[in-house]
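S.K.: no sequence on this one, just coordinates:
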């Protein structure tokens, strides 16, 4: 299978065409998402070229130190010769260092991301990537799939050695346009917040591809997710080893304990003393407000200092600020992100985006759980891409069989 990547890709495209001929591709909505899986690569052997240089130098220095120490002891008449165990250790250190030097010579450049930042290499599979998942950090690839909402047919499947979903959106869309020609002028593409970026939205708009891509704050603006925190898993008690503090946390008077009159622009503290107004229409972090401060003659002898000041031994007077709203901004041209937010927050946009989860997640459940793809067993992006396409191909064939094809 490791050498059949191109053949698998051709068969995958042919099966997609058969699915289309059987009416299994609706072309109304496509959901794009990915699953991160470990591969046949050692996470321990990841790092930058500078990391490998330091490791090789350290191994060589350790081997020289051990050898020099035993040569010194060998010169003594009563000491035995170099122990066999230490000989093997020196050979292993020198072998590991030589392998690193050989890899560095064969790979003179660091891996870099699309913006030029250094990306960690891997000496067992340099095209794989170290990625954070819900089950910890893995060394592997992201299997990306574009799934049609009508019958959950995978119309495009790709494997990428990166944990950044933003990088893989446009290659998948390009393949959908060029290779399979499944996108119609009325097709909608949906993707979660991991694929969101201003550059991606601009590129889709330039290509005239209709898309709904969530931003990171989408759920905060949607009242349907107001109670989602209650359904999250409780924190693992074994994860946090710190003991909870038995001492009560000190609290100070919040601004709500002060009597503020917005019309008269006055403020009275919990002790009944009037505060001085320091400024009007002050702008802090984009918000307009008024700030008040107590007088020394009132704050210094006040019996409420411990409840009013966080550090009464250092601070003499209390300050408090009341905000009235955002400061007026000069009109700016609407960005693609702003337009996407406005569209996805509409009832129609929420209803369309809500179909994404039920379209793509069952596909990953079938491929990874039912078909047993828990990890990629090959090395190199081309080979891993062929393995991912093969499993997605089996998923589509299964859909054809259930649809009654060839009966």
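M.R.: Arrived safely. Because the structure is a prediction, the values reported are computed rather than measured.

S.K.: helix or strand for the nearest residue to residue 367 once chain neighbours are set aside, which one?
M.R.: Among residues not flanking residue 367 along the chain, residue 391 sits closest, at 5.1 Å (CB to CB, 6 or more residues apart in numbering). C-beta: built from backbone N, CA, C; applies to glycine. Using DSSP states H and E, residue 391 maps to helix 381-403.

S.K.: wait, the residue nearest to residue 367 sits on residue 369?
M.R.: No - with contact defined as CB atoms under 8 Å, residue 391 does not reach residue 369; the gap is 11.6 Å.

S.K.: tell me which of those two has more neighbours.
M.R.: residue 391 (20 against 10; other CB atoms under 10 Å).

S.K.: wait, what's in contact with that one?
M.R.: With contact taken as CB atoms under 8 Å, 6 or more residues apart in numbering, residue 391 is in contact with 367, 371, 373.

S.K.: now do the SS call for the first one.
M.R.: It refers to residue 367. When classified by DSSP: H, G, I helix; E, B strand; the rest coil, residue 367 comes out as helix.

S.K.: how much space is there between it and residue 390?
M.R.: 10 Å (CB to CB, to the nearest Å).

S.K.: any low-confidence regions in the stretch 151-300 of the chain?
M.R.: In the predicted model of the stretch 151-300 of the chain, residues 179-180, 226, 228-250, 280 satisfy pLDDT under 70.

S.K.: now the strands for it?
M.R.: For the stretch 151-300 of the chain, strands defined by DSSP state E, counting those that start in this stretch occupy the ranges 154-160, 188-191, 210-213, 259-261, 266-268, 276-284, 287-293.

S.K.: now tabulate these in JSON lines and tack on mean neighbour count and distance to residue 87.
M.R.: Converted to JSON lines, these look like this (neighbours: other CB atoms under 10 Å; distance: least, CB to CB, whole Å):
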{"stretch": "strand 154-160", "mean neighbour count": "24", "distance to residue 87": "44"}
{"stretch": "strand 188-191", "mean neighbour count": "24", "distance to residue 87": "57"}
{"stretch": "strand 210-213", "mean neighbour count": "21", "distance to residue 87": "60"}
{"stretch": "strand 259-261", "mean neighbour count": "13", "distance to residue 87": "80"}
{"stretch": "strand 266-268", "mean neighbour count": "18", "distance to residue 87": "81"}
{"stretch": "strand 276-284", "mean neighbour count": "12", "distance to residue 87": "69"}
{"stretch": "strand 287-293", "mean neighbour count": "17", "distance to residue 87": "71"}
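
S.K.: dump the ones you listed to CSV, plus distance to residue 109.
M.R.: Output for the strands of the stretch 151-300 of the chain, formatted as CSV (distance: least, CB to CB, whole Å):
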stretch, distance to residue 109
strand 154-160, 19
strand 188-191, 31
strand 210-213, 33
strand 259-261, 61
strand 266-268, 62
strand 276-284, 46
strand 287-293, 47
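
S.K.: looking at those strands, spot the one closest to residue 107.
M.R.: Of all the strands of the stretch 151-300 of the chain, it is strand 154-160 that lies closest to residue 107, at 19.4 Å by CB to CB.

S.K.: give me every residue that touches the closest residue to residue 221 other than its chain neighbours.
M.R.: Excluding the flanking residues, the one nearest residue 221 by CB to CB, 6+ apart is residue 345, at 5.9 Å. Residue 345 makes contact with 218, 221-222, according to CB under 8 Å, 6+ apart.
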